[in-house]
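In: Next comes the sequence, and after it the predicted model I'd like to discuss.
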Amino acid sequence: KLSQRALNNFCYFDSVPYQEIQMHIKEAEIVVLPSLAESFGLVTIEAMSLEKVVVASNYDWNKEIIENNISGILENPKNHSEFAKEIALLIDNKQKSKEIGLNARVRVFDHFNLEKITEMNVSFYKKYINS
């Protein structure tokens, strides 16, 4: 259903070995992850850390990662027309895409930084061990 112009600018990857994922993410402008079932999304975080706009399922696991319309876009993947509309809006609005990509990187480093998470975990356990 894509026009020839759209097909020329579109890549779909069904299954990609983990070693190749970052290479593909680096080449992308928008990373679309319409998964219906996923655990905590490391690919989502990797894409966000590379300042990529992520359009993902609006399911709970992604709501922990992405702030909708701030550090990514969340949409119901079963609502194909709205999902596509969000992607088209990002393609047409390069400034918004860039802003969301920058916000995504900041969010990853503020909330999913290994050193910060380790400190939080150690602090949490110390609190309960000491009480």
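Out: Received, thanks.

In: all strands for the protein, in order.
Out: For the chain, the strands defined by DSSP state E occupy 30-33, 53-57, 73-75.

In: Is there a neighbour count for Glu46? I'd like the number.
Out: A total of 16 residues lie near Glu46 under the criterion other C-beta atoms under 10 Å. To be clear about C-beta, it is placed using only N, CA and C from the backbone, and glycine gets the same treatment.

In: go on, Ala104?
Out: Using other C-beta under 10 Å, the number of residues around Ala104 comes to 27.

In: just checking, it touches Thr44?
Out: No: in terms of C-beta atoms under 8 Å, Ala104 does not count as a neighbour of Thr44; the distance is 9.2 Å.

In: overlap in contacts of the two?
Out: Common contacts of Ala104 and Thr44 (C-beta atoms under 8 Å, 6 or more residues apart in numbering): 54, 66, 72.

In: re the thing from before, for Asn93, find the nearest of the strands of the chain.
Out: Minimum separation from Asn93 across those (C-beta to C-beta) falls at strand 53-57, 10.3 Å.

In: For that closest one, name the packing helices and strands.
Out: Packing partners of strand 53-57 (3 or more C-beta pairs under 8 Å, 6 or more residues apart in numbering; DSSP states H and E): strand 30-33, helix 42-49, strand 73-75, helix 80-92, helix 94-111.

In: now could you export just the CA positions of that strand as CSV?
Out: What follows is strand 53-57, C-alpha atoms only, in CSV (Å, rounded to 0.1, in the frame of the first residue of the first chain):
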residue,chain,number,x,y,z
VAL,A,53,12.6,9.2,17.7
VAL,A,54,10.8,6.1,18.8
VAL,A,55,7.2,5.4,17.9
ALA,A,56,6.1,2.5,20.0
SER,A,57,3.1,0.7,21.5
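
In: Listing partners with orientation, what would you give for it?
Out: Here strand 53-57 is paired, per DSSP bridges, with strand 30-33 (parallel), strand 73-75 (parallel).
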